[in-house]
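Visitor: predicted model follows, preceded by the sequence.
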Amino acid sequence: MLVSWHGHACVSLQVNGYTIVFDPHDGASIGLKKPVVRGDMVLVTHDHFDHNAVNTVSKEKTRVFKLFYGESIIDNVKITGLKTYHDKQKGKRRGENAVYIVEVKGVRVAHLGDLGEIPDQQVLDRLKGVNLLIIPVGGTFTIEPGEAWKIIEKTKPVNILPIHYWIPGITLPLKPVDEFLKHVKEYEVVKLETNSFELEKYTGKVIVAKPP
């Protein structure tokens, strides 16, 4: 499985020529490069402008899911959508947020979107032991760096990909990834010179991808 980070919360998974894209942005509106990827499936965790630029990454027969809750199998991909919130007031400030778990050939990847709370135990239980946890760590609009680490301690994923933090060019007031890395224990931090990596090569790592 090839995992690519396209800046902010946009991540793609490629397996045998099939591409899944999470939370696409359009680039310009947040000061970043536009994602260079086209998805067979696009999963949108919530309908905010920096996460829902579906047309940026779509092609003719792209399947799009926005705020999907429940379970479904599409094109041999199992999708689980779990209801969470974008804030600590049960969505009163920023609305709902779908946490997605996708399973392809026994590999489980979870994308937490703009999670703004430490979710309830039912959600945490579903996240336990995923092969890759894609988690926001920049605070302000989402969980803070320390809260992200608390979720990791509760779910014990195999590997972690931090997202949604400050990088050069971005116009959003987010914390840099180093604020999250201060909390890391047990996992080895790997800083890549590329924005893509083969997931199978990693176990027990916090993978910091290079901004595209």
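Guide: Sure, I can see it. Numbering: from 1, shown residues only.

Visitor: just for this protein, where's the confidence low?
Guide: Under the criterion pLDDT under 70, the flagged ranges of the chain are 87, 91-92.

Visitor: how about the strands in it?
Guide: For the chain, the strands defined by DSSP state E occupy 2-5, 11-15, 18-22, 41-44, 63-66, 70-74, 77-85, 96-104, 107-111, 132-136, 160-163, 188-191, 196-198, 205-208.

Visitor: what residues sit buried inside the shortest one?
Guide: Think strand 196-198. Buried residues in strand 196-198, counted by 16 or more other C-beta atoms under 10 Å: Phe197. (C-beta placed from N, C-alpha, C; glycine too.)

Visitor: now for that strand, which elements pack on it?
Guide: On a contact count with 3 or more C-beta pairs under 8 Å, 6 or more residues apart in numbering; DSSP states H and E, strand 196-198 meets strand 2-5.

Visitor: contacting residues around the strand it packs on?
Guide: Contacts to strand 2-5, defined as C-beta atoms under 8 Å, 6 or more residues apart in numbering, come from residues 11-15, 37, 109, 132, 161, 163, 195-199, 209, 211-212.

Visitor: now list the buried members of these.
Guide: Using 16+ other C-beta under 10 Å as the burial test, the contacts of strand 2-5 include 11-15, 37, 109, 132, 161, 163, 195, 197, 199, 209, 211-212 as buried.
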